[in-house]
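Colleague: Next come a sequence and a model predicted from it.
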Amino acid sequence: MRSFVRAKLGDIDFALMSACEIWKQLNSIMQEAITVYVPQRVVSRHHKPLWMTTKVIRSVKKKHKLRNKWKKSNDNSIELHYKKTG
C-alpha cells in the first residue's frame with residue numbers, strides 16, 4: 001500500500017497546486033488505496049449464540065412459560081415442575 005501511494009504521489013507536481021487541490025489529490029489517492037488494499041469484512045447479523053439450537057431455544061421458552069405460570073398461580077406443584085425442568 002505504501003509503494004502504491006508513493007508511486008501515485010511521485011507523479012504529482014505539488015509546486016503548481018494550491019493547498020485545497022493538494023488535499024483533494026491526497027484524499028482521492030488514499031481512497032483508491034483503501035478500496036484496493038483494505039479487505040472488506042462481512043459482518044454477521046447472527047444475534048443468537050451458535051450453541052443455541054432450536055431444541056435449546058424450545059426448552060428455554062418452555063421453562064419461561066412454566067415460571068410465568070407458577071408466578072401467576074402460586075401453586076406448589078407447578079413450582080416443583082418448574083424447578084425440575086431447570
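Modeller: It's in.
Colleague: Distance check, K65 against N76.
Modeller: 18 Å (CB to CB, to the nearest Å). To be clear about C-beta, it is placed using only N, CA and C from the backbone, and glycine gets the same treatment.
Colleague: That should have said I34, apologies.
Modeller: Separation of I34 from N76 (CB to CB) stands at 65 Å.
Colleague: again with K83
Modeller: Counting by CB to CB - K83 and N76 are separated by 10 Å.
Colleague: So between these two, which is more surrounded?
Modeller: K83 (12 against 9; other CB atoms under 10 Å).
Colleague: Now tell me what touches stretch 63-78 from outside.
Modeller: Stretch 63-78 has contacts (CB atoms under 8 Å, 6 or more residues apart in numbering) with 79, 81-82, 85-86.
Colleague: Using neighbour counts, pick out the buried residues of that stretch.
Modeller: The neighbour-count check on stretch 63-78 (16 or more other CB atoms under 10 Å) flags 66-67, 70, 78 as buried.
Colleague: Farthest pair within those?
Modeller: Spanning the widest gap among these are R67 and I78, at 9.2 Å by CB to CB.
Colleague: Check which element follows the helix or strand containing K72 along the chain.
Modeller: According to DSSP states H and E, K72 maps onto helix 54-73. Scanning forward in sequence from helix 54-73 by DSSP H and E, the next helix or strand is helix 76-85.
Colleague: Go ahead and measure how far that following helix is from the middle of the chain.
Modeller: Between the centre of helix 76-85 and the centre of its chain there are 39 Å (CA atoms, centre = their mean, to the nearest Å).
Colleague: next one: stretch 27-35
Modeller: Distance, stretch centre to chain centre, for stretch 27-35: 24 Å (CA atoms, centre = their mean).
Colleague: Show residues contacting that stretch.
Modeller: 1, 4-5, 8-9.
Colleague: Out of these, show me where the pLDDT dips lowest.
Modeller: Lowest pLDDT among the contacts of stretch 27-35: M1, with 84.
Colleague: From T35, how far out is that one?
Modeller: Using CB to CB, one gets 11 Å for the distance from M1 to T35.
Colleague: now do K24
Modeller: With distances taken as CB to CB, K24 is found 17 Å from T35.
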